[in-house]
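Engineer: Sharing a model prediction with you, sequence too.
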Amino acid sequence: MAAHSRLVFSVWFLLLIGLGAAAPSVFSSLAGAGWQANGSESVQVRELAQQHFGGNSSAAVQVVVHSDAVRVEDPRMQQTLAEAAAIFAGDSRFGDVVAPQPGMTISRDGHTGILIAGADANTDDMVRAVDDVKAELTGLSGDGIEVYPTGASALWSDFNKANHDAMIKAELFSWPVTLAIMVLAFGSLVAAGLPLLLTIAGLVASAGGLVLLNQVTPISVWAMNFAMMFALALGIDYALFVVSRFRDAIEDRTDMIAAVAETMGTAGKAVMLSGITVLVSLSAVLMVPAPAVRTMAIGIMLAVVFVLAATVTLLPAALGALGPKVNAASLPYAKRQRHHSPLFDSWGQTLHKHPWPFALGSMAVLIALAIPVIGLKVAMPSIEVVPEDAPVRQGYELVQEQMGEGAPGMLQIIAPPADAQQAAASASATSGIEMVTPPVPASDGAGYVMLQGLPSVDPSDARLATIVDELRAAVPQGTLVGGAPTENLDLQQALNTYFPVIVTVILVLGFVLLLVALQAPLIALIGTVVSLLSTAAAFGVAKLIFQDGYLSELLGFTPQGFLDGWGPVFFFAMIFAIAMDYTVFLLATAKEHFEKTGDPERAQIDGMAHSGRIIFAAAAVMVAVFFTFALADPLPPKEMGIILGVAVLLDAVLIRLMLLPALLRLTGRAAWWSPTWLQRILPTVTFSH
């Protein structure tokens, strides 16, 4: 790369021009829904409702029209309803428009009516459709009449907008903080700028790549949200490790290509193995049969691939071209900086002399923080994740106030005509169902009827799961129960089912990758187990904050009483990936010095001396990036930022800088031992240059 830097720069320039042309449209192009369990009963109900009942499915748009002054039958209210219907009439994405019906979609006092616009497109297109018409719909409010679009499609429309605004705000805030940490870490403006340029390249490429990939299969807009965060955090992480090593390599050299070769043969190899570990951890999430969850993983993986590609191609080319100029614009204190840190050398010696207090102390803190995870509850997000002034939330709360707690989450029951009466009787007799509407035949004459059940509890209430289970058990065989809240319940069930499988796959693959990288089973096992410990501690803290409400006033949110349902699966993969990232950096450096000296003591101390400052600076960057997302108003980005930030903080301070080096000291030469038969099986990987 360094010897052909012009070619490398040209290829990257063309790549960024090509993908960069698509990048600006990333947020408007990507899908807005996909939160469903493919193949589930609720998804079947939605598809049948869309095909045979004029689109009156969970994706339909419900327009709440309310007035304290006049009733639904009043000409002024009827005029507003007619204008709302006209907005939908010109758009092929909407199906049949159903006016408010007495006893079903008109409140008892007659002052609130719900107009339903059926869904005649997939869930992602329905979210875009709401994006296009919601301003026009809310614009109908006036003269004492309020108009609010609600329903699942409107919910995702409002939530995605709030989430996007929050993510952009957090990113803008994190860049100057990150640059300041980089300058402090490197002491050179040029060296500090390289990781940021590398990250921008990775971000632009991944954004354009997601837009192109979206042409093949719908990609959730959340994929870009996570990709932005990870590209910034990992891009800086990798560049920090490589650039620091390069600055050390050029001290006694005039041959810049040889310096780049040494850098990539040591730090570059560790970065590559770290990146593969991250990709493997995230790939396990692809097992979950939920489009949004899968494409979120794909988004991060794409960002990691581009950042990794830039780290092993563009960065060495840039370093070769810059040479000693990488230290240009150095701050005065930076003249004393070396790759070998005297401070972390001293810390490594302290750990070597007193391993037990630090090992036991750090483990005690981690275990204490992990204990609360036993009581962790998960559920899909409630309406409270949407800002209070969002039209969908105002309409939702109005429907609850006028028609009952469960009215925003009506259950849909689809049955053969012969079973309609029995299904209605079974539903009416089910505890927690307040009302069942009369059977409505399919609009196209197909052999189905639809009934709707009004639950007695809020759609996000934990009791709804019991009501749905009892209803599904009570109705005749061949009758399907669905609706927006059951889609959430079915998705949660799928996430719960796959979680232990994903954890097992990630742990096994993580151990195998560490075994290949380090060629030593004991330290590979230790590295995997301690990464699991930091992950458990992060979830314990998440339970205390987001479920129990500790610090909720300080952080500015109302606790839901549970962690968002996709959190365990996704955060486990992400936290474990980051934890293994640091594990590879520390242990690869220690292995390099063990290969040089054959002395486990020097491996432990020099491993800390050469990687401690890098890990500390990289962790500071990651914590700063992640914690800026804690400033977001929507709860999911706040959860994401705080949980990942806490995980990195615990992992870097208690594990990489205390527990793992202490365990290296306690295991001694056994940490690096490998049986002969295993050495014959494993590919040869060394870190000495």
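Structural biologist: Alright, I've got the coordinates.

Engineer: Quick check: chain neighbours aside, which residue is closest to the residue positioned nearest the centre of the chain?
Structural biologist: Closest to where the C-alpha atoms of the chain average out (Cα atoms, centre = their mean) is residue 226, at 5.2 Å. With sequence-adjacent residues excluded and distances taken as Cβ to Cβ, 6 or more residues apart in numbering, residue 226 is closest to residue 300, at 5.0 Å. (C-beta placed from N, C-alpha, C; glycine too.)

Engineer: which helices and strands sit right next to the host helix or strand of residue 613?
Structural biologist: Remark: residue 613 resides in helix 600-628, with elements defined by DSSP states H and E. Counting contacts by 3 or more Cβ pairs under 8 Å, 6 or more residues apart in numbering; DSSP states H and E, helix 600-628 is packed against helix 152-186, helix 221-249, helix 342-353, helix 567-597, helix 635-650, helix 660-667.

Engineer: Hmm, residue 311 and residue 242 touching each other?
Structural biologist: Yes. Between residue 242 and residue 311 there is a contact under Cβ atoms under 8 Å: 6.3 Å.

Engineer: which residues do these two both contact?
Structural biologist: The contact sets of residue 242 and residue 311 overlap at 268, 271 (Cβ atoms under 8 Å, 6 or more residues apart in numbering).

Engineer: Let me see the mean pLDDT of stretch 678-688.
Structural biologist: Averaging pLDDT along stretch 678-688 yields 86.

Engineer: what about dumping the CA coordinates of it to PDB?
Structural biologist: The C-alpha coordinates for stretch 678-688 follow below in PDB (Å, rounded to 0.1, in the frame of the first residue of the first chain):
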ATOM      1  CA  LEU A 678      -3.200 -28.000  18.400                       C
ATOM      2  CA  GLN A 679      -0.200 -26.200  16.900                       C
ATOM      3  CA  ARG A 680      -0.400 -28.600  13.900                       C
ATOM      4  CA  ILE A 681      -4.100 -27.800  13.400                       C
ATOM      5  CA  LEU A 682      -4.000 -24.000  13.700                       C
ATOM      6  CA  PRO A 683      -2.800 -21.700  11.000                       C
ATOM      7  CA  THR A 684       0.500 -19.900  12.000                       C
ATOM      8  CA  VAL A 685      -0.200 -16.400  13.300                       C
ATOM      9  CA  THR A 686       2.700 -14.400  14.800                       C
ATOM     10  CA  PHE A 687       2.900 -10.800  16.000                       C
ATOM     11  CA  SER A 688       6.700 -10.300  16.100                       C
END
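
Engineer: which parts of it are buried?
Structural biologist: Residues of stretch 678-688 classed as buried: 682, 687 (neighbour count, 16 or more other Cβ atoms under 10 Å).

Engineer: So what's the residue count around residue 11?
Structural biologist: Close neighbours of residue 11, defined as other Cβ atoms under 10 Å, add up to 14.

Engineer: Check for me that it belongs to a strand.
Structural biologist: No. Residue 11: not assigned to a strand; according to DSSP: H, G, I helix; E, B strand; the rest coil it is helix.

Engineer: Check it and give its pLDDT.
Structural biologist: 96.

Engineer: Residue 209 versus that one, what's the distance?
Structural biologist: 15 Å (Cβ to Cβ, to the nearest Å).

Engineer: got it, and residue 133?
Structural biologist: 30 Å.

Engineer: so where is the stretch 251-400 of the chain shaky, pLDDT-wise?
Structural biologist: 333-339 (pLDDT under 70).

Engineer: what's the angle between the helix or strand hosting residue 399 and helix 152-186?
Structural biologist: Secondary structure assignment for residue 399, by DSSP H and E: helix 391-403. Between helix 391-403 and helix 152-186, the angle comes out at 140 degrees (axes from the mean of the first three to the mean of the last three Cα atoms, to 10 degrees).

Engineer: Helix 391-403: how far from the chain's middle?
Structural biologist: The chain centre lies 29 Å from the centre of helix 391-403; the measure is Cα atoms, centre = their mean, to the nearest Å.

Engineer: Return the list of helices and strands in contact with the helix or strand following that helix.
Structural biologist: Downstream of helix 391-403, the next assigned helix or strand under DSSP H and E is strand 411-415. Under the contact criterion of 3+ Cβ pairs under 8 Å, 6+ apart, strand 411-415 touches helix 41-52, helix 420-429, strand 449-455, helix 463-474, strand 480-482.
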